[in-house]
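Q: Please work out how this folds:
(chains A, B, C and D)
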2 protein chains.
Amino acid sequence: MFQPGRYGRGSGWIEACLLCLLKEEKSYGYSLMEKLNTLGFTAEPFNISVIYRNLRSMEKRRLVASFWTASERGPDKRMYEITQKGEKALKEWIRFLKKRQKLLQAVVDKYESMHLE
Amino acid sequence: MFQPGRYGRGSGWIEACLLCLLKEEKSYGYSLMEKLNTLGFTAEPFNISVIYRNLRSMEKRRLVASFWTASERGPDKRMYEITQKGEKALKEWIRFLKKRQKLLQAVVDKYESMHLE
DNA sequence: TATACTATATACTTTATGCATATAGTATAA
DNA sequence: TTATACTATATGCATAAAGTATATAGTATA
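A: Prediction:
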C-alpha cells in the first residue's frame, strides 16, 4: 500500500548520509549501516543492501575509494574512504539538502496557517 | 548524469503539495502547476505530466474527487477537490515532512560541525 | 551440530519522476 | 488563411532510487 516516503525515499538521500559519515572517518558497509541507524539520520532503518549498492555506485563515480582489510574476527571488510571528488559532491549535497529543507518548510507553513484561520 | 535530487525528488512530494493546495481551494491541473511553480514549493518547475498523473492517482485512492467544468475561453477543465480521506492523508504527509526536516537537519549539522574543527 | 552474528553482494520488483508526444480549444499576429 | 502561442488534459517510454529476497562465507557460542 501507498504511504508517505515508502519508495524513492529522497533521491540519493543515502548517498548524502554516507559521504557525510565517510568525511568524518573511513569505514565499511556494515558499520555505516549501524551508524545510520543510531545517529538520527534515518526515521526507519535502511536496508543493508541499499548501503552496499550505494557504496559500489559511488566508487564507480570516484566519490569514494575502497580497499580490503583482513579481520581477526569475522569475514574481511571492504573499507571505504572519501575522495576529493567525493568531498566536492558532499558540498553539493549539503547545498541541496538546505534548499530542500526550505521547500518542506514552505508546505508545512502553508498547512499550519490554514489551521489558524 | 547524476546530480542531487534529479530523480525520485522526494517520494510523493508532489502529492503533499497538491493536497495542501487543494485544501485551500478546489483547483485544476494547469492552475495547480502554476501555483507550485510560484509559491516556493519547488526548487525547479515540475513537469506538468507529473501533476496530471498524481491527480488521477489520488482520485483512484479517493483522496480527491473531480468534475468537469466548461470554460468560456479555452478547453474544459477537470476540477479537483480534496475529500475527507484526502484531508487525513495530508495530515499524515505533514507529520512525515516534519520528521524528514529533522533528518535533513541532523546531516547538515554533522557536516557543519566538521567544518568548525 | 545448530544458531546467531558479522560481512558483502546481486537479482527481481515497485514507485516516482522525467521527457516526448498526442489531442484539442482559443487568441492573435503575419 | 495560416501559423504560432497559450491553455488544458493525457499517455507511453525511459531512468533512477529504494525495497525485498536470497546467496555466500567466516566466527562465536550454546
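Q: Over to residue A:64: give its phi and psi.
A: phi -140, psi 160 (degrees, to the nearest 10).
Q: can you tell me which helix in chain A is longest?
A: When chain A is parsed with DSSP state H, its longest helix is helix A:84-116.
Q: So for that helix, mean pLDDT?
A: In this model, helix A:84-116 has an average pLDDT of 90.
Q: interface residues of chain A facing DNA strand C?
A: Counting by C-beta under 7 Å from any atom of the strand, the residues of chain A lying close to DNA strand C are A:2, A:6-8, A:28-31, A:48-49, A:52-53, A:55-56, A:71, A:73-79. No exception for glycine: its C-beta is placed from N, CA and C like everyone else's.
Q: Can I have the buried ones of those as a PyMOL selection?
A: In PyMOL, a selection of the buried entries from the residues of chain A next to DNA strand C looks like this (16 or more other C-beta atoms under 10 Å in any protein chain shown):
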select buried, chain A and resi 28+29+31+52+55+77+79
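Q: Which ones among the residues of chain A next to DNA strand C lie within helices?
A: In helices, judged by DSSP H, the following of those are found: A:29-31, A:48-49, A:52-53, A:55-56.
Q: Wondering if stretch A:45-54 reaches DNA strand D at all.
A: Yes. Using C-beta under 7 Å from any atom of the strand, stretch A:45-54 reaches DNA strand D at A:46-47, A:49-50, A:53-54.
Q: returning to what we had before: close to chain B, is the longest helix of chain A?
A: Yes. Using C-beta under 8 Å from any C-beta of the partner chain, helix A:84-116 reaches chain B at A:90, A:92-108, A:110-111, A:114.
Q: same question, stretch A:29-43
A: Yes. With C-beta under 8 Å from any C-beta as the criterion, chain B is reached by stretch A:29-43 at A:39-43.
Q: And for residue A:112, the neighbour number?
A: Neighbourhood size, residue A:112 [other C-beta atoms under 10 Å in any protein chain shown]: 10.
Q: who's in contact with residue A:65?
A: A:59, A:80-81, A:83 (C-beta atoms under 8 Å, 6 or more residues apart in numbering or on different chains).
Q: no, scratch that, I was asking about residue A:67
A: With C-beta under 8 Å, 6+ apart, residue A:67 has these contacts: A:78-79.
Q: Return the member of the ones in helices among the residues of chain A next to DNA strand C nearest to DNA strand D.
A: Compare each of these with DNA strand D using C-beta to the nearest atom of the strand and the shortest gap goes to residue A:49, at 3.4 Å.
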